[in-house]
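Q: here is the input, now give the coordinates:
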Amino acid sequence: MTKPIPAAQLLAYSVLSLPLAMSALPVYVHVPKLYASFGLSLAWLGIAMLALRAADAFIDPMLGRWTDRSENRKRFIAIAAVPLAVGLLLTFAPQVSGLPLQTNLLVGLALTYLGFSAITIAYHAWGAEWSTDVHERTRITTWREAAGLIGVLIAAALPVILAQRAGLAQGYAMFAWIVVVVLAICAAGTLKFAPSRARALDLPAVPLRAVLADRAFVRLVVVFALNGIAAAIPATLFLFFIDDVVRANDWQAQYLIAYFISGALAAPLWLAISKRVGKRRAWGASMLVAIFGFIWAYGMGADDRWPFMIVCVLSGLALGADLTLPPSMLADVIGRSAQPHAGGSYFGVWTMVTKLNLALAAGIALPALAWLGYVPNAANAKTSALTIAYCLLPCALKLCAFFALFFVKESPHVEEVR
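A: Take a look at the predicted model:
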């Protein structure tokens, strides 16, 4: 039996996930609404974010190969923290740069995406190669994503609080500075105290075609992509749905906190379930929970505040599985592959798919809603298209992901714990 990784080491490794999550949530959830409040159109924002996220996604496999060729992933992470910090400040403090608003957003997001991607790929590959035990891999991802969920909770509430006290522009600028400071502290802690091993530089580079030739990986990526788009669409439209359908703008932070707390509390539960029934079955069960929640949301309207809170809790329960099980399943695939040293290359493609999910969500949903006549916060906003896009489309995609999951093979070691 594999000796469990000490909790102190897991904690040291996991704290870096906190500032990464603090930077990710506002970029994906708050940026469209923030810049719409500055006067940029939804159509322009959707197209710009689609282009940036797509371009960012396609450099991820290259970043993965770079980190695989680095002697130590820690140095790679330290360098990548610089563009991430600069990009966050430009994106959320546009008044400081003096650049035109559109230029500021494009440059800020480009740097943010680059730094975030480089850190995430190296960081997750580091975790994937830490242990060869299938359940220790799930412990690693659970600790990492639990720390990330704490960061998400902070990011869900803090920008709203700061914006209410200091005004929208100043509040988000203050938040960006806080994230940069936390990033510096947590990165220093992880790079100093989390264990790592030197990597052999004489190993052959793994081309992208070799990663894509791994059928087990491709099957898993298909499920991950379908499930990811299903999650990205409501994430993009979340604030608009709260404002114009539920009419509960003042509950914005409460909904986000309920969603992510549910995810954090559910993560250990999904870990326990996966040990009993396997990661594949546990992930499939979480998809059914999410479908039930979003189907229920379709009939909601103004002042359905508490029913929508239940939807946030149910979808948060599913989030706990989405965050912990797929990366662990990917680590299993890498461990069984012919290129177990190529974790960065695998995670480069994985991160690329994540970005394309978000790009499609913003680049299709926002312009489509604008074309259908939806105007945020309008007196008589056309919310029927918004409701279909927020509730029914994710359910259809989740259902496709659920059936695609039947083609994914479970780790052969799962039977040992039954």
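
Q: contact partners for residue 260?
A: Residues near residue 260 by CB atoms under 8 Å, 6 or more residues apart in numbering: 149, 152-153, 156, 316, 319. In this view, the C-beta of every residue, glycine as well, is placed from N, C-alpha and C.

Q: ok, 6 Å please
A: Shown in contact with residue 260 (CB atoms under 6 Å, 6 or more residues apart in numbering): 149, 152-153.

Q: excluding sequence neighbours, find me the nearest residue to residue 293.
A: By the measure of CB to CB, 6 or more residues apart in numbering, the closest residue to residue 293 outside its immediate chain neighbours is residue 314, 3.4 Å from it.

Q: my read: that neighbour touches residue 294, true?
A: No - look at residue 314 against residue 294 with CB atoms under 6 Å: they stay out of range, at 8.5 Å.

Q: for the stretch 101-250 of the chain, which spans come out with low pLDDT?
A: Using pLDDT under 70 as the threshold, the predicted model of the stretch 101-250 of the chain has low-confidence ranges 197-207.

Q: could you pull out the buried residues of the helix or strand where residue 175 lies?
A: Taking DSSP states H and E as the criterion, the element that holds residue 175 is helix 168-193. Residues 169, 171-176, 178-180, 182-183, 186-187, 190-191 are the ones in helix 168-193 that count as buried (16 or more other CB atoms under 10 Å).

Q: now swap in stretch 118-137 and tell me
A: Within stretch 118-137, the residues scored as buried using 16+ other CB under 10 Å are 118-131, 133-137.

Q: in helices only, show me these.
A: Residues from the buried residues of stretch 118-137 lying in helices, with DSSP state H as the criterion: 118-128, 134-137.

Q: ok, which pair from the residues you listed is furthest apart?
A: With CB to CB as the measure, no two of these lie farther apart than 118 and 135, at 29.0 Å.

Q: for residue 41, give me phi and psi.
A: Main-chain dihedrals, residue 41, degrees, to the nearest 10: phi -80, psi 150.

Q: any idea how far residue 232 is from residue 354?
A: 9 Å (CB to CB, to the nearest Å).

Q: scratch that, residue 267
A: 20 Å.

Q: repeat for residue 101
A: The spacing between residue 101 and residue 232, counted by CB to CB, is 25 Å.

Q: ok, residue 81 next?
A: Residue 81 sits 25 Å away from residue 232, taking CB to CB as the criterion.

Q: and residue 242, by the same measure?
A: 17 Å.

Q: what's the answer for residue 167, then?
A: Distance, residue 167 to residue 232, using CB to CB: 29 Å.

Q: neighbour count for those two, which is higher?
A: Comparing residue 167 with residue 232 by neighbour count (other CB atoms under 10 Å), the higher total belongs to residue 232, at 24 against 11.

Q: so which helix or strand takes in that one?
A: Applying DSSP H and E as the criterion places residue 232 in helix 215-241.

Q: buried residues of that helix, list them for me.
A: Along helix 215-241, these residues count as buried under the neighbour rule (16+ other CB under 10 Å): 216-217, 219-241.

Q: same thing with stretch 59-75?
A: Of all the residues in stretch 59-75, those buried under the rule 16+ other CB under 10 Å are 59-61, 63-68, 70, 72-74.

Q: same question, stretch 99-113
A: Along stretch 99-113, the positions that meet the burial threshold by neighbour count (16+ other CB under 10 Å) are 104-113.

Q: what is the nearest of these to residue 36?
A: Looking at those and their distance to residue 36, the nearest is residue 105, at 11.4 Å (CB to CB).

Q: who's in contact with that closest one?
A: Residue 105 touches nothing, counting by CB under 6 Å, 6+ apart.

Q: that one sits in which helix or strand?
A: Under the criterion of DSSP H and E, residue 105 resides in helix 101-128.

Q: report the distance from that helix to the chain centre.
A: Offset of helix 101-128 from its chain centre (CA atoms, centre = their mean, to the nearest Å): 12 Å.

Q: quick one: that helix to helix 168-193, angle?
A: What separates the directions of helix 101-128 and helix 168-193 is an angle of 30 degrees, with axes from the mean of the first three to the mean of the last three CA atoms, to 10 degrees.

Q: my guess is residue 259 meets residue 313, correct?
A: No - with contact defined as CB under 6 Å, residue 259 does not count as touching residue 313 (7.4 Å).

Q: which of the two has more neighbours?
A: residue 259 (25 against 18).

Q: check contacts around the more buried one.
A: By CB under 6 Å, 6+ apart, the contact set of residue 259 is 312, 316.

Q: just residue 311 next, same as before
A: Residues in contact with residue 311, defined by CB under 6 Å, 6+ apart, are 293, 297.

Q: any idea which helix or strand carries it?
A: Taking DSSP H and E as the criterion, residue 311 maps to helix 305-336.

Q: quick one: that helix to chain centroid distance?
A: 11 Å.

Q: distance of residue 37 from residue 358?
A: Summarising the geometry, the distance separating residue 37 from residue 358, computed by CB to CB, is 21 Å.

Q: assign residue 39 to helix, strand or coil.
A: Reduced to three states with DSSP: H, G, I helix; E, B strand; the rest coil, the structure at residue 39 is coil.

Q: that one: how many residues sit nearby?
A: Using other CB under 10 Å as the criterion, residue 39 is surrounded by 7 other residues.

Q: model confidence score at it, please.
A: Looking at residue 39, its pLDDT stands at 83.

Q: now it, what are its backbone angles?
A: Recorded main-chain torsions at residue 39 are phi 110, psi 0, according to degrees, to the nearest 10.
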